[in-house]
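# I'll drop the sequence and a predicted model, then ask my questions.
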Amino acid sequence: MPVSDCFVSVVAPLFNDSVIVEDFVTDVIHVLRQNYANYELVLVDDGSDDDTVTKLNAVLGRYECIRVIRLSRRFGEEIAIFAGLDTVIGDFVVVMIPNWDPPSLIPDLVHTARAGSEVVFGVSSAPRADTFLIRIGAAIFDWYCRKVLKLNVPKSSTQFRVLSRQAVNAVITVKNVHRYLRILSADVGFARASLNYQPINRGGPSKRRGVWEAITLATDIIITASTHPLRFASWLGVLASSINLLYASYVVAIFFFKERVAEGWTTLSLQSALMFFFVFLIMIVISEYIGHILVETLNRPLYYVLEEKNSSVLVADEDRRNIVKESNEQELANPL
């Protein structure tokens, strides 16, 4: 197979992946060596508290064109991915989750992207490895995103994807605290294509989301991507006001046309309960939006880099060297 001259970057977030990191790096470097003259593998450690860092130091001395970025604490998978995207310099950038995404498909993703698609995303052909409750909730959430919020996020799409240089430059301009690659990849509006694949399982630690974590993630995505809940709350307010107005008209009519009016404790209690329900529901939605506005206006850095290290560089084209030969010993903070 001829070696391509395009520059390919691979970004992979890590969290307590010491069991699988060496095998993952070996597989990725093998694929990159066989297919590309210029490449880099950017491993972002998202605050691991096991011996992942020790394993990373070992692979730095064993393979070329690897860069390790250690975040000061855990910021979450999405932020870790964007920490890698902020630094890559490849013509095409592959994002993959080490435990699930097969490195052997990197050439297929890049080939599809080079054929004219700025974003190529993976679609898992395997059922979700979650609890029944989360699978049902995920199906409802996917339907809500597509039909109501009009978010063009395909069902069963994963983080496994490749972005062109132009697409990467577009998504990293978004500096929101709550940002999600699956949504931004679709929102930038570039040509897209999909690739069906069968996820693998390297046997790493289980990272399935709990129910509360899944609900929190869904809430953040909905509020970040749309004002629909706020509009829904507005219409609830209009409905509640209309009901209250009709009830007031009914009370006035009874006063004028009925000689004797019995005290309606049940009706009054029902009305009060219903009105308070609407009021508090509206307050909840407004509070969520105000909370997100507060977080965004704080203008804090999205992440802090504790340390960045590089392996030696051995590339075919010296003019397109992707990283320096000397390792950067330590960086205390990233201003982005």
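Yep, that arrived.
# gap between Pro301 and Gln166?
Applying Cβ to Cβ, to the nearest Å, the value for Pro301 to Gln166 is 25 Å. Yep, even glycine has a C-beta here, placed from its N, CA and C like the rest.
# list phi and psi for the spatially closest residue to Arg202 that is not a sequence neighbour.
Once flanking residues are discounted, Arg202 sits nearest to Ile20: 4.2 Å by Cβ to Cβ, 6 or more residues apart in numbering. Dihedral pair for Ile20: phi -120, psi -10, per degrees, to the nearest 10.
# burial check on Ile20, number of neighbours?
A count of nearby residues for Ile20, using other Cβ atoms under 10 Å, gives 18.
# so where do the strands sit in the stretch 201-336 of the chain?
305-310 (DSSP state E, counting those that start in this stretch).
# now for Gly84, how many residues are close by?
As a burial measure, Gly84 scores 21 neighbours (other Cβ under 10 Å).
# now do the buried residues in the host helix or strand of it.
Here Gly84 sits within helix 77-85, counting by DSSP states H and E. Using 16 or more other Cβ atoms under 10 Å as the test for burial, helix 77-85 gives 77-85.
# average model confidence for the helix or strand following that helix?
Moving toward the C-terminus from helix 77-85, the next helix or strand (DSSP H and E) is strand 92-95. Mean pLDDT, strand 92-95: 96.
# so what touches strand 92-95?
Contact partners of strand 92-95, identified using Cβ atoms under 8 Å, 6 or more residues apart in numbering, comprise 6-12, 81, 84-85, 106, 109-110, 113-114, 159-165, 168, 181.
# run the chain-centre distance for that strand.
Here strand 92-95 is found 15 Å from its chain centre; the criterion is Cα atoms, centre = their mean, to the nearest Å.
# pull out the buried positions in the next helix or strand after it.
As assigned by DSSP H and E, the chain's next helix or strand after strand 92-95 is helix 106-114. The neighbour-count check on helix 106-114 (16+ other Cβ under 10 Å) flags 106-107, 109-110, 112-113 as buried.
# which of the residues you listed lies closest to Ser311?
Distance to Ser311, by Cβ to Cβ, is smallest for Ile106 among the buried residues of helix 106-114, at 18.8 Å.
# surely that closest one touches Leu32?
Yes: if you go by Cβ atoms under 8 Å, Ile106 and Leu32 touch, sitting 7.3 Å apart.
# overlap in contacts, those two.
Here Ile106 and Leu32 share the contacting residues 8, 10, scored by Cβ under 8 Å, 6+ apart.
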